[in-house]
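K.L.:
Okay, predicted coordinates and the sequence, questions at the end:
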Amino acid sequence: MIPVEDALARITAALSPLPAEIVPLSGALGRVLAAPVAARRTQPPVPVSAMDGWAVRAEDVTETPVALDIVGEAPAGLGFKGRVDVGEAVRIFTGAPIPEGADAVVIQENSTVCDRRVTLTAKTWPGQFIRPLGLDFSAGEELLPAGRTLSFRDVALLAAADVPDVAVVRRPRVAVLATGDELVPPGAHRGPAQIVDAARPALVAFIREKGGIALDLGIARDREDDILEKASGAVDADLLVTLGGASVGDRDLVARVLAGGGADLDFWKIAMRPGKPLMFGRFGATPLLGLPGNPVSALVCALLFLGPAIDRLSGRPSLQASCIPMRLATPIGANDRRQDYIRATVEPGADGIPVARPAPVQDSSQLRTFAGAQALIVRPPLAPAVEAGGIVDALPLDL
Ligand SMILES: Nc1nc2c(c(=O)[nH]1)N[C@H]1C(S)=C(S)[C@@H](COP(=O)(O)OP(=O)(O)OC[C@H]3O[C@@H](n4cnc5c(N)ncnc54)[C@H](O)[C@@H]3O)O[C@H]1N2
Ligand code: MOO
């Protein structure tokens, strides 16, 4: 059994970011930049007004009230073609270029208009309510780094910077294959003791949530030919994830069968609970992550290993949540040699430290406590017992 950190390091070292492709900005949300993006224009491209009001020479408005001649209008996107001379004002709107000669804007709330004259009732100073050239960014400046997962805010920035398309890392294609004679898909006709395949739909969802493309290879029966045939559907995938058949039972065939069919295992079994029989290697040219069958084991391993694997293929730094200190609501015993991930709900703590309440039973078949968990308490190998009120490390899930 290898430690969790070693397993993670071996998985990420065996994978590299996928090649880039160009996508229009309309399809860029959630994609990962393959290269830094620079602004293609300066914003604002000229000094502009930040308010609706009057473009003036500040030195004409040092004493108020003062009446100025209205000599024109500066709409946004167009501006006023002439200049503002001594004793003159131009009607201006938010975003419009500041006319030549003007160096301040008086907001319209501080003005009254009579005939072709405006009376200003508030003093101003050079630069007031003017957005200088390049206030936001300048052409050629790097706006976003490679590896950035694009948010809707980034889309706004790139659009404003006149960037119509971007180079992003190709989406990882991740194939998922469940194994087991006992499994039936949710909703299908089944025998009284058959088991519903819960982990495969969960993995498909997880892969999508991580920005990958899930290739659902279905359920393979516990037969060599079926496992090999279905696994061969991953030939174009960037990663093959299998579920189950990883342990020592007579029907736990996955490692054996895939090895016969060209798989090369780097490791098999890690010092972790749940999730001991985790495998990693290659099936032909395709990287292979073999998750244990117990559904909570499979999905905790997905969080800890599949997530970072997809991040690595996607060319982004791993977004894995890091541990934070939490206070224990109930005591936990000393740990053995496997790093433990204990499902817990979380309550606010009086001193600001969140309080983690471990589910009383931690069987790796119990999906309800997994769905309801807000954190996984991480117990390193051989960690001593902790009393109620003691501090533990925990990985927040979706607090
Ligand atoms: N004698 C031993 N038995 C077991 C050991 C061991 O070391 N010695 N390890 C246990 C641990 S820990 C785990 S985890 C499981 C994992 O074994 P497998 O990967 O071979 O999993 P299966 O036997 O195929 O399945 C286990 C269990 O989970 C159900 N299952 C499988 N796939 C799914 C799915 N897609 N959705 C929902 N449930 C699934 C399956 O029906 C079994 O009930 O082995 C322990 N045994
Ligand atoms: O590792 Mo198993 O995952 O303890 O149930």
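P.N.:
In hand now; what should we look at? Numbers count the residues shown, from 1 in each chain. Ligands and ions are numbered 1, 2, ... in the order given.
K.L.:
Just confirm residue 109 is within a strand.
P.N.:
No - Residue 109: not assigned to a strand; according to DSSP: H, G, I helix; E, B strand; the rest coil it is helix.
K.L.:
number of nearby residues for it?
P.N.:
Counted with other Cβ atoms under 10 Å, the neighbours of residue 109 add up to 10. Using the backbone N, CA and C atoms, a C-beta is placed for each residue, glycine as well.
K.L.:
now do residue 397
P.N.:
Neighbours of residue 397 (other Cβ under 10 Å): 17.
K.L.:
Could you check how far the residue of the stretch 251-399 of the chain at minimum distance from ligand 2 is from ligand 1?
P.N.:
Nearest to ligand 2, among the residues of the stretch 251-399 of the chain, is residue 297, at 2.8 Å (Cβ to the nearest ligand atom). Remark: distance between residue 297 and ligand 1 (Cβ to the nearest ligand atom, to the nearest Å) = 4 Å.
K.L.:
So what's the gap between whichever strand or helix holds that residue and the chain middle?
P.N.:
Counting by DSSP states H and E, the element that carries residue 297 is helix 295-301. Taking Cα atoms, centre = their mean, to the nearest Å, one finds the center of helix 295-301 at 21 Å from the center of the full chain.
K.L.:
can you list the residues that contact it?
P.N.:
For helix 295-301, contacts defined as Cβ atoms under 8 Å, 6 or more residues apart in numbering pick out 198-199, 202-203, 206, 243-244, 272, 274-276, 278, 291-292, 341, 343, 363-367, 369-370, 376.
K.L.:
near ligand 2, which of the residues you listed show up?
P.N.:
Contacts with ligand 2 within the contacts of helix 295-301, counted by Cβ under 6 Å from any ligand atom: 274-276, 292, 364.
K.L.:
Switch the residues you listed over to a markdown table; also include distance to residue 388, pLDDT and neighbour count.
P.N.:
Putting those into a markdown table (distance: Cβ to Cβ, whole Å; pLDDT from 0 to 100; neighbours: other Cβ atoms under 10 Å) gives the following:
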| residue | distance to residue 388 | pLDDT | neighbour count |
| --- | --- | --- | --- |
| 274 | 24 | 96 | 24 |
| 275 | 27 | 93 | 29 |
| 276 | 28 | 92 | 19 |
| 292 | 31 | 95 | 28 |
| 364 | 25 | 96 | 20 |
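K.L.:
For the protein, what lies in contact range of ligand 2?
P.N.:
Checking the chain against ligand 2 by Cβ under 6 Å from any ligand atom, the hits are 273-276, 292, 294, 297, 364.
K.L.:
Buried ones in the helix holding residue 297, by neighbour count?
P.N.:
By neighbour count with 16 or more other Cβ atoms under 10 Å, helix 295-301 contains the buried residues 295-301.
K.L.:
The residue in the chain that ligand 1 sits nearest to: what's it in contact with?
P.N.:
Residue of the chain nearest ligand 1, by Cβ to the nearest ligand atom: residue 293 (2.2 Å). Neighbouring residues of residue 293 by Cβ under 8 Å, 6+ apart: 179-180, 199, 243-247.
K.L.:
The same query, at a cut-off of 6 Å, please.
P.N.:
Residues near residue 293 by Cβ atoms under 6 Å, 6 or more residues apart in numbering: residue 244.
K.L.:
Need the three-state assignment for it.
P.N.:
From three-state DSSP, the assignment for residue 293 is coil.
K.L.:
what pLDDT does it get?
P.N.:
Listed pLDDT for residue 293 reads 94.
K.L.:
Roughly how far does it sit from residue 363?
P.N.:
Using Cβ to Cβ, to the nearest Å, one gets 13 Å for the distance from residue 293 to residue 363.
K.L.:
Residue 32 too?
P.N.:
From residue 32 over to residue 363 (counting by Cβ to Cβ), the distance is 37 Å.
K.L.:
These two - which one has more neighbours?
P.N.:
residue 32 (24 against 10).
K.L.:
how about the helices in the stretch 51-200 of the chain?
P.N.:
152-160, 199-209 (DSSP state H, counting those that start in this stretch).
K.L.:
so, if you compare the ones next to ligand 2 among the contacts of helix 295-301, which one comes nearest to residue 224?
P.N.:
residue 292 (20.0 Å; Cβ to Cβ).
K.L.:
so where's the stretch 151-300 of the chain shaky on pLDDT?
P.N.:
Residues of the stretch 151-300 of the chain that meet the criterion pLDDT under 70 lie in 251.
K.L.:
Ligand 1 contacts on this structure?
P.N.:
178, 180, 182-183, 195, 197-200, 243-249, 252, 274, 276-277, 292-295, 297, 364.
K.L.:
give me that answer again for 5 Å
P.N.:
By Cβ under 5 Å from any ligand atom, the residues of the chain that approach ligand 1 are 178, 180, 182, 195, 197-199, 243-248, 252, 276-277, 292-295, 297.
K.L.:
Buried only: go through these for me.
P.N.:
Those of these that meet the buried threshold are 178, 180, 182, 195, 197-199, 243-247, 252, 276-277, 292-295, 297, by 16+ other Cβ under 10 Å.
K.L.:
all strands of the stretch 1-150 of the chain, in order?
P.N.:
Along the stretch 1-150 of the chain, the segments classed as strands by DSSP state E, counting those that start in this stretch run 20-24, 37-38, 48-49, 53-56, 66-74, 88-92, 104-107, 111-114, 117-120, 130-131, 142-144.
K.L.:
returning to that earlier point: which ones among the contacts of helix 295-301 lie within helices?
P.N.:
In this view, those that belong to helices under DSSP state H are 199, 202-203, 206, 367, 369-370.
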